[in-house]
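A.B. asks: Fold the stuff below for me.
(chains A, B, C and D, ligands or ions: 6)
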Amino acid sequence: MSTASRNIVIGGEAGQGLATVGQLLTKSLARAGHAVHVTQDYMSRIRGGHNTYSIRTGPESHPAPCDAIDILVALNQETVTRHKADLAPDGVVLLDESLDAEGARALALPLKDLAPKPIFENVAALGALCGMLGLDPAVPRTLLSQNFAKKGEAVVAQNLEVLDKALEWVGGSSHGLAPLPAPGTVGEQLMMNGNEAISLGAMAAGVRCCFFYPMTPGTSIAQNLINHGGPLGIVVEQVEDEIAALNMASGSAAAGARTIVNTSGGGLALMSEAVSMLGVSETPVVIAVAQRPGPATGLPTRTEQADLNLALYAGHGEFPRAIYTPGDVPECFELTRAAFDTAEKLQSPVFVLTDQYLADSFRSVAPFEVRPATPPVLPLKTVDDPAAYKRYAFTESGVSPRLMPGFGTALVLTDSHEHTEDGHITEDIGIRNRMQEKRLRKECAIFGDIVPPQRFGAEDAELLLVSWGSTKGALREAVDLLSAAGKKAAGLHFAQVWPLNQGLFLDALKAAQRTFCVELNSTGQFAGLVRQHTGFAFDRLVLKYDGRAITAQYIVDAVLAADAA
Amino acid sequence: MSTASRNIVIGGEAGQGLATVGQLLTKSLARAGHAVHVTQDYMSRIRGGHNTYSIRTGPESHPAPCDAIDILVALNQETVTRHKADLAPDGVVLLDESLDAEGARALALPLKDLAPKPIFENVAALGALCGMLGLDPAVPRTLLSQNFAKKGEAVVAQNLEVLDKALEWVGGSSHGLAPLPAPGTVGEQLMMNGNEAISLGAMAAGVRCCFFYPMTPGTSIAQNLINHGGPLGIVVEQVEDEIAALNMASGSAAAGARTIVNTSGGGLALMSEAVSMLGVSETPVVIAVAQRPGPATGLPTRTEQADLNLALYAGHGEFPRAIYTPGDVPECFELTRAAFDTAEKLQSPVFVLTDQYLADSFRSVAPFEVRPATPPVLPLKTVDDPAAYKRYAFTESGVSPRLMPGFGTALVLTDSHEHTEDGHITEDIGIRNRMQEKRLRKECAIFGDIVPPQRFGAEDAELLLVSWGSTKGALREAVDLLSAAGKKAAGLHFAQVWPLNQGLFLDALKAAQRTFCVELNSTGQFAGLVRQHTGFAFDRLVLKYDGRAITAQYIVDAVLAADAA
Amino acid sequence: MVKIEDFGEFTTSWCPGCGNFPILKAVKQALVELDLAPHQVLMVSGIGQAAKLPHYMRANGFNGLHGRSLPAAQGARLANTSLKVLVNSGDGCSYGEGGNHFLAAIRRNLDITLMAHDNQIYGLTKGQASPMTMEGHKTKTQPGGVISSQFNPIAVAVGLGASWVARSFAGDIEHMVEMIKAAVNHRGFSLLDIMQPCVSFNKVNTFAWYKERCYRLPDDYDPTDWEAAMKKSQEFADGIPIGVIYRNDRPCYESRVPVLAGDPLCAREVDYDAVEAVMRRYA
Amino acid sequence: MVKIEDFGEFTTSWCPGCGNFPILKAVKQALVELDLAPHQVLMVSGIGQAAKLPHYMRANGFNGLHGRSLPAAQGARLANTSLKVLVNSGDGCSYGEGGNHFLAAIRRNLDITLMAHDNQIYGLTKGQASPMTMEGHKTKTQPGGVISSQFNPIAVAVGLGASWVARSFAGDIEHMVEMIKAAVNHRGFSLLDIMQPCVSFNKVNTFAWYKERCYRLPDDYDPTDWEAAMKKSQEFADGIPIGVIYRNDRPCYESRVPVLAGDPLCAREVDYDAVEAVMRRYA
Ligand SMILES: Cc1ncc(C[n+]2csc(CCOP(=O)(O)OP(=O)(O)O)c2C)c(N)n1
Ligand SMILES: Cc1ncc(C[n+]2csc(CCOP(=O)(O)OP(=O)(O)O)c2C)c(N)n1
Ligand code: SF4
Ligand code: SF4
Ligand SMILES: [Mg+2]
Ligand SMILES: [Mg+2]
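C.D. replies: Numbers count the residues shown, from 1 in each chain, chains lettered A, B, ... in the order given. Ligands and ions are numbered 1, 2, ... in the order given. From the prediction side, this is the model:
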């Protein structure tokens, strides 16, 4: 066990409230100044089965999942049975006395005694955990007081009493775990997962409309906008199907409202035709896709990165698009906000492509600057010469001034056919060619904004590990582990995978002795994209497609095995 | 004007019957033993506008469109105005005396005199054309007799009279055109377009179900099956939308019936989710996609090859598929038939990807052998040990024996989730990995069947021109023209673009001094695919995206320009 | 005052004699009488012959995908509630490919108007059966006659308690104008199904066929009587009632979503303080 | 004789107390009483809690995509008319995502049975409103209450002249068995909407709520009376009629398509002479 971090895994059935304990604990940890990283692993069912909520924390812990468990909180026997083998050498099982530790080191809680009613068991567990981790008791106390304030003072007092009792009990027990070292001074921290950060990024971008059809793990993006959007002037509509969602978005966006649509791979597949409509009609919509493993229904609540090709090629015909692949929670915020500006500059669909792991991964993060550094890029409300206005006017950049209909006498005609500058159907060869070239040319309008891949590790690395999207934290930790093992290793993480600007990365790839592309899929989609556009072939793919998040150790093992071979 | 071929362009408004004249003429030409190649260019409207029906013919003419017109049949004035500049030096306009030849060499027909009623004008035009081309009058006479037989002898007689009168009139006129040289002896020829050949291929494969939603230029595949399918035991159902079409297909195919779905790019986009369902559920369906230019509605009646990426990546998640891209009418037949076997071997979706040009291009072809050389690959009806049957049994090849439900007591469970061998939902990591690997492994089952690219031209070519799909004829002619111009040129045509077997072509690409990839799109999708999977980058792309078919001259010009540069 | 000339004159690609011409005329006339200028309306459509209408008049327009006119129209309406949103699309587009959106739009009751140009056929794709093609009608793709029963938009809409349901006939411009005006004035989703002869592909339901059958609902017909409306919804082959078949006072979506009160959403600025406040809730 | 044990027993992932359990039981019981063995039926579903049903009984099964159970079921039925095809899926699946297929299946009238497990909520995705959620019902995603009016599958089906329309209640196994048997025996598309408590996410339409409202249609109710059926279709919050609400004798699709007579299509061999003959027509 590292002295500076702990990996706490809460396991139990769906419906047993493991997320409740987990969320109280993570918030307490974050408020105490610790770094927190959550991985949620759950089945596609409402009750029963086996789920886990894993918290990696400590003053300097890595934002990635890891395998070895320091504290296993077992809400049922199955949790002990399944995970005891993963306990770190000095790991402990925390469980109710009625359960069997199956030979593992354990701290058996007298939950019946600590909690006057079953409903208080969560708080008792929280108390025990805070005690074992050595958190300042004031932190969970304040949190509980705030959480239950709405329910009245009596409820607050009862909960605090349970908390104190559990803290006291743990204080008197001998679990043998050292308390977490105190963190240095950190400012206020937010506890937020990827989907929440995407929603907040959209709010900061001035999103006005969100259309969605429920689909795990994308749904909570809309949910967050529903929870908070009213006062901000946001309308969120759950629609009849995914096709309606993106077509409705094409209408609201063409009318001038910043619009987001959230879904997962299956929903995006259904939206493919409408993606193409956004392309030809030059309509900006941000599409947030939280991936889960396919094909088809696949593993509906698990994680994967196998829809990159779909995001790249959804829709018939050829038109520009951009794809952001945030690697952590702050990037979810920043890149979603950026996506709206990019969509408006490109007048095209822009994707924010994440996955279940990141979508559901709560993390401690510093508050964001909600005011943008540069003013948002917005469509026009009026033009100087309304009679001369043409929605698809030919310009050098390919970008035509985009006008909202209805605010002046200029008329806006948005169209799905090949069209003339003013949006009317045409079959003219010359106009067709110029329009298609105009549309493709727009990609240059955002070329300067492409997010450069982020590099970490040795400058003169021999081993270069490349990743995109949610694997960023694990990649970074893997680079640290490899370096610690004496390898000259570095990582290169892509938070934007399209368009590609090879000037930003090709030299680095070529300079490395061995290159690895790390992806949560079974074919190496990003590696294929890089090769297609640069000719560069990775030496090895490090792939994983079992639906679970990747750990640094998995990457390290794969790299070392390949290196030895 | 070549002595051995003629390019006849019939132009007029939609609704003026240019296709009727065209079809009568092409059939006469084919019966007379000439090679015939039709290019149809039409607008997205029912009446009015400007359409053309172009026939390239002669004893040894090329199966590709060409620009210079030998006989321009003008059904209206606009045709003269638009196309007179394209007349070959000794080209002639054939038109009614009421129209103005605008200075071009012309043969003005006294249609009013020749045809007793406007309805006979088509036959009069046919007569005039047959006369100008020097066809044996017996050929059109027999054709008309057969065509009008159902309407009774009087009608036949009237039509023959008009025909004879027109033939006679032309005989007495001085149009200055040499008759076509007599063809050598050729056997019986069929006149068939790409979609008809696809339908016939499906019939020969024993297709049982066709589901479609009308979409130009894909619709006529279903239409042909409707016209002829009844006696063959084929059910064709026009459904409520494209999503229904492919999901219905998943049901009928899972039940054991060979099934085809036809559409165009926009329809395929809508089917994307269901494509993925075929992948995970291991259900064989043949999807015939006749491309038209996008994005979105684009140019709905024109031609393009911009949906290769969509066919490659439609659907979320990763699973095998195959994509055939026939280059001519016989390949439409052969490869559609092959697609059914491949689909069954792969238990996955298989695409037959064509485009409007080929779909609508009537050609003279030798009759096909409708009996397959090897027996069709079919699912099982019964198994030896019904109780032990598992739909997704793990096998070395990845291919599990596929059973039709209902013919024995063995049970078949088809599923869209990740599943166990017997088709039940699972979230087990080990099974997931094995199932995903099993599915991908199936690609090897068809690796040996991959259609090798077809090479023509010089063995030791310096210039290598590569194409896929409908551009085959133009490519071949371009190679001939380049060779005639003293270039060492060769062509390599891909009638199957996925899976790729680089062993079949990479050496050839590398051996050439300069390579050109010819595609009817604006980004070079096939070139990208080749680079992604082989690292090979073409020296030049020869692209065209104006919605019209490519000519050999277009390719030659692009190649020579690049070669000069 | 808005004049009919404000909406311009365009060459169309419709067949001579097509029922779309009088519908276009009626749309323009209704807008004139409603005093709605071209920039105050958004004409939305899908794909089909009818759906080309936005290209044939001066106005804001959105010509989207086949079957998807209603979602796009509703999206635009949500973004800008100051726009009058009118949808013109074919029967195939509105009831076939777009069937699910039709159901949802009825239930959602946003204040938009759907004019379904109901020629009972797929016109643009050359004469396949549409959901409105009558049982037994033989077409090229249904040579044995249509087997599926005819769709009934009126019955579905009334059955679901749609807030405004009417039918009209392309042969009666005056009636269409009256209906379009009433539809646009209705606060909520209004369905106007317009019987439209297709001279090229529907040789059964011709101008004469409709002319013979379409009759105006009598003055004493009470469109608020649901049962009567349901009964009317079943009349077709022997007589087609035209007029407002059903209406009720269900509040429209806009009136029930507080966020939509005030300025059009698309014109609002970001309130960063409020965003900041939301963010602080995650601390 | 088919026995209930033939259909097996499986552990499910449904919540204890879920209304899906009695429905599953009724399905098995009905098949036993119909003497249909596991290999003679094909159980088709989409995605949702209800849609997991084919995994919980021994039978042929097809568990497809969310909203797409009806197309898949119809495809299978066309391929093999000797299979009895039964569809079990949620209200969201059948009337939401699958709305357009619902309309088409009614009109097409293929001989399949749809059992919509109608819990008036999206269960599997944790409690968003479904098309059947009642107006005003507050959910996590509709915190202000649902605005769209409730979908009414009965009204739509009867309005379109569906050939067999019924409702049942998961709290009344005997009634469900009777209805399922009648539905399967009906030659044509049969819709059986089953009120199904979702104990986890629908706290409004609970077992007690349904229990209080569901009443059997009286013996003298005439399901062939369209007007009466239309009226019945409007009853819900104050009393939910269960039983066969409407039926008629419309011939089913299979009986109208000559090609389907005889052997199942999937079992036929290719007649190469006939193909050859077709080819010769192009000469
Ligand atoms: C997704 C998709 N499927 C099919 C088509 C082809 N298509 C264009 S218009 C049309 C039908 C038109 O019928 P209708 O909506 O009744 O309009 P009409 O032409 O009769 O006015 C079809 C099927 C398309 N454009 N997009
Ligand atoms: C295309 C697609 N969209 C969304 C989903 C997510 N999803 C799964 S089940 C479901 C709704 C389930 O509701 P219902 O059909 O009523 O079934 P229930 O769970 O209530 O039985 C949704 C939205 C999906 N699987 N596929
Ligand atoms: S095909 Fe029919 S609907 Fe289309 S323009 Fe012609 S007459 Fe009108
Ligand atoms: S969530 Fe509702 S419908 Fe789903 S299993 Fe639980 S009780 Fe049943
Ligand atoms: Mg129509
Ligand atoms: Mg439900």
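A.B. asks: If the closest residue to A:Arg56 other than its chain neighbours is in a bridge, with which residues?
C.D. replies: Once flanking residues are discounted, A:Arg56 sits nearest to A:His37: 4.5 Å by Cβ to Cβ, 6 or more residues apart in numbering or on different chains. Every C-beta, even on glycine, is put in place using the N, C-alpha and C of the backbone. Beta-bridge pairing for A:His37 (DSSP bridges): A:Arg56, A:Arg363.
A.B. asks: My guess is A:His37 contacts A:Thr57. True?
C.D. replies: Yes - with contact defined as Cβ atoms under 8 Å, A:His37 and A:Thr57 form a contacting pair (7.1 Å).
A.B. asks: Spit out the residues that contact those two alike.
C.D. replies: Both A:His37 and A:Thr57 lack any common contact, where contact means Cβ atoms under 8 Å, 6 or more residues apart in numbering or on different chains.
A.B. asks: okay, now A:Asn51: neighbour count?
C.D. replies: When neighbours are defined as other Cβ atoms under 10 Å in any protein chain shown, A:Asn51 has 22 of them.
A.B. asks: A:Thr26 too?
C.D. replies: Neighbours of A:Thr26 (other Cβ under 10 Å): 22.
A.B. asks: now do A:Glu188
C.D. replies: 11.
A.B. asks: Grab the nearest non-local neighbour of it.
C.D. replies: The nearest residue in space to A:Glu188 (Cβ to Cβ, 6+ apart) is C:Ala283, at 5.5 Å.
A.B. asks: In contact with that neighbour, which residues?
C.D. replies: Residues in contact with C:Ala283 (Cβ under 8 Å, 6+ apart) are A:31, A:188-191, A:367.
A.B. asks: hmm, back to that, pLDDT score assigned to the residue nearest to A:Arg56?
C.D. replies: The score at A:His37 is 96. That number is its pLDDT.
A.B. asks: give the contact list for it.
C.D. replies: A:55-57, A:61-65, A:361-364, A:473.
A.B. asks: Include pLDDT and neighbour count when you put those into JSON lines, please.
C.D. replies: Formatted as JSON lines, these follow (pLDDT from 0 to 100; neighbours: other Cβ atoms under 10 Å in any protein chain shown):
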{"residue": "A:Ile55", "pLDDT": "97", "neighbour count": "28"}
{"residue": "A:Arg56", "pLDDT": "97", "neighbour count": "23"}
{"residue": "A:Thr57", "pLDDT": "96", "neighbour count": "26"}
{"residue": "A:Ser61", "pLDDT": "84", "neighbour count": "23"}
{"residue": "A:His62", "pLDDT": "85", "neighbour count": "21"}
{"residue": "A:Pro63", "pLDDT": "90", "neighbour count": "21"}
{"residue": "A:Ala64", "pLDDT": "94", "neighbour count": "26"}
{"residue": "A:Pro65", "pLDDT": "95", "neighbour count": "26"}
{"residue": "A:Ser361", "pLDDT": "98", "neighbour count": "28"}
{"residue": "A:Phe362", "pLDDT": "97", "neighbour count": "26"}
{"residue": "A:Arg363", "pLDDT": "97", "neighbour count": "26"}
{"residue": "A:Ser364", "pLDDT": "97", "neighbour count": "25"}
{"residue": "A:Gly473", "pLDDT": "97", "neighbour count": "26"}
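A.B. asks: would you turn those into CSV with distance to A:Tyr554?
C.D. replies: Converted to CSV, the contacts of A:His37 look like this (distance: Cβ to Cβ, whole Å):
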residue, distance to A:Tyr554
A:Ile55, 19
A:Arg56, 15
A:Thr57, 21
A:Ser61, 18
A:His62, 14
A:Pro63, 16
A:Ala64, 10
A:Pro65, 10
A:Ser361, 17
A:Phe362, 22
A:Arg363, 20
A:Ser364, 24
A:Gly473, 13
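A.B. asks: what about A:Gln158, distance to ligand 2?
C.D. replies: When distance is defined by Cβ to the nearest ligand atom, to the nearest Å, A:Gln158 is 36 Å away from ligand 2.
A.B. asks: does that residue sit in a helix or strand, and which one?
C.D. replies: Element membership for A:Gln158, per DSSP states H and E: helix A:153-172.
A.B. asks: And the contacts of the helix or strand that that helix is followed by?
C.D. replies: Sequence-wise, the next helix or strand downstream of helix A:153-172 (DSSP H and E) is strand A:190-192. Residues outside strand A:190-192 that contact it (Cβ under 8 Å, 6+ apart) are A:23, A:26-27, A:30, A:36, A:200, A:329, A:362-367, C:279, C:282-283.
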